[in-house]
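Participant: Return a 3D structure for these sequence lines:
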Amino acid sequence: MRLPLVLLQGDDAESRALNYPGYTIILNKTSDMPAPVRLSAACVCCAGQNELRDTLNKLYIDWAHNRETIKGAVLIAGPDAVLSDLIEFLTEDAILASRWALQDLEL
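Facilitator: Next comes the predicted model:
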């Protein structure tokens, strides 16, 4: 089963992420919003791809062990993120693509 992965970007992305109860919020360390998962890389598009891959794989494994805890994930991309690169990474990685269904972008 593939879990939904929502990609948000923009000035109000963090507030829109609250519209996804039960979803794990993933964001960069530079944000002030408290989140269950905080990536240390400045940009998930390039420097943070390995960390993002590890985070998504860990979330999926956590869900597989206890399907009640995670409904999906919301990835908040920074305002300078190149979304086409991020989407390419998320859809071309075979393991991520088999575990996560990238939802229609809400930009």
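Participant: Name the residues of the lengthiest helix in the chain that come out as buried.
Facilitator: Criterion DSSP state H: the longest helix present in the chain is helix 49-65. Across helix 49-65, burial judged by 16 or more other Cβ atoms under 10 Å covers 49, 52-53, 55-56, 59-60, 63. Glycine gets a C-beta too; all of them are placed from N, C-alpha and C.
Participant: Is the most centrally placed residue in the chain part of a helix or strand, or is it coil?
Facilitator: Centroid-nearest residue in the chain, with Cα atoms, centre = their mean: Leu75, separated by 2.8 Å. The three-state label given to Leu75 by DSSP: H, G, I helix; E, B strand; the rest coil is strand.
Participant: Surely it touches Leu8?
Facilitator: Yes - the pair Leu75 / Leu8 is scored as a contact, 7.2 Å apart, by Cβ atoms under 8 Å.
Participant: which strands and helices sit next to the longest helix of the chain?
Facilitator: On a contact count with 3 or more Cβ pairs under 8 Å, 6 or more residues apart in numbering; DSSP states H and E, helix 49-65 meets strand 3-9, strand 23-28, strand 37-39, strand 72-77, helix 94-99.
Participant: Ok, which of those comes nearest Asp85?
Facilitator: strand 72-77 (10.0 Å; Cβ to Cβ).
Participant: so what strands line up beside the closest one?
Facilitator: strand 3-9 (parallel), strand 23-28 (parallel) (DSSP bridges).
Participant: got the buried residues of helix 49-65 as a markdown table, with distance to Phe89 and pLDDT columns?
Facilitator: What follows is the buried residues of helix 49-65, written out as a markdown table (distance: Cβ to Cβ, whole Å; pLDDT from 0 to 100):
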| residue | distance to Phe89 | pLDDT |
| --- | --- | --- |
| Gln49 | 6 | 79 |
| Leu52 | 8 | 88 |
| Arg53 | 8 | 90 |
| Thr55 | 13 | 89 |
| Leu56 | 11 | 93 |
| Leu59 | 16 | 92 |
| Tyr60 | 16 | 95 |
| Trp63 | 21 | 92 |
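Participant: With that, I have no additional questions.
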